[in-house]
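A.B. asks: sharing a model prediction with you, sequence too.
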Amino acid sequence: MASSLTCAGVVWAFLSFLCAAASCVGFFMPYWLLGSQLEKSVSFGTFRRCSYPVRDETRQTTVMVEQCGRYASFQAIPSAEWRICTVVTGLGCGLLLLVALTALMGCCVSELISRTVGRVAGGIQFLGGKCSCGEGLPE
């Protein structure tokens, strides 16, 4: 297996993959915000939530559902800001993962990544990192 990367490029490829994997795991976990509601511990992320209130129409009260799950639909995400955050963070994670996997392939295939491609990939990673920083969080 010949590599088209320098030693610094190989380190960059592995760190990129680790960072992209951590970003994707963080995106899918519902633990962005932690708190309590109705004396129960609650947490939620952009499209997942744990322990959430539901209106019980038969007893005319609000009860806590103590389970984790996704929102039923994209429109069920609580606000427009969270919907935007879900899309932008998902795109950022996708860009990061694409560049990281390309960099890892560059470790195994010669002449895959040139200096120009490396610079463009770094720029895409920067853009992906900016997209997944969680801008647009509700106040």
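C.D. replies: That came in fine, so what should we check first? In this text the structure is predicted, and so the values were computed from the model without any measurement.
A.B. asks: what about the closest residue to L38 other than its chain neighbours, distance to L33?
C.D. replies: On the basis of Cβ to Cβ, 6 or more residues apart in numbering, the spatially nearest residue to L38 that is not a chain neighbour turns out to be M64, at 5.3 Å. From N, CA and C alone the C-beta is placed, and that goes for glycine too. Distance of M64 to L33, given as Cβ to Cβ, to the nearest Å: 16 Å.
A.B. asks: next one: S110
C.D. replies: Separation of S110 from L33 (Cβ to Cβ) stands at 46 Å.
A.B. asks: swap in C19?
C.D. replies: Looking at C19 against L33, where the rule is Cβ to Cβ, the gap reads 22 Å.
A.B. asks: and these two? Which one has more around it.
C.D. replies: Applying other Cβ atoms under 10 Å to C19 and L33 shows that C19 carries more neighbours, namely 16 against 12.
A.B. asks: just checking, the more buried one is part of a helix?
C.D. replies: Yes. Read with DSSP: H, G, I helix; E, B strand; the rest coil, C19 is one of the residues of a helix.
A.B. asks: tell me the mean pLDDT over stretch 107-114?
C.D. replies: Averaged across stretch 107-114, the pLDDT comes to 73.
A.B. asks: likewise for stretch 27-37?
C.D. replies: For stretch 27-37, the mean per-residue pLDDT is 76.
A.B. asks: what's the burial count for S51?
C.D. replies: Counted with other Cβ under 10 Å, S51 comes out at 19.
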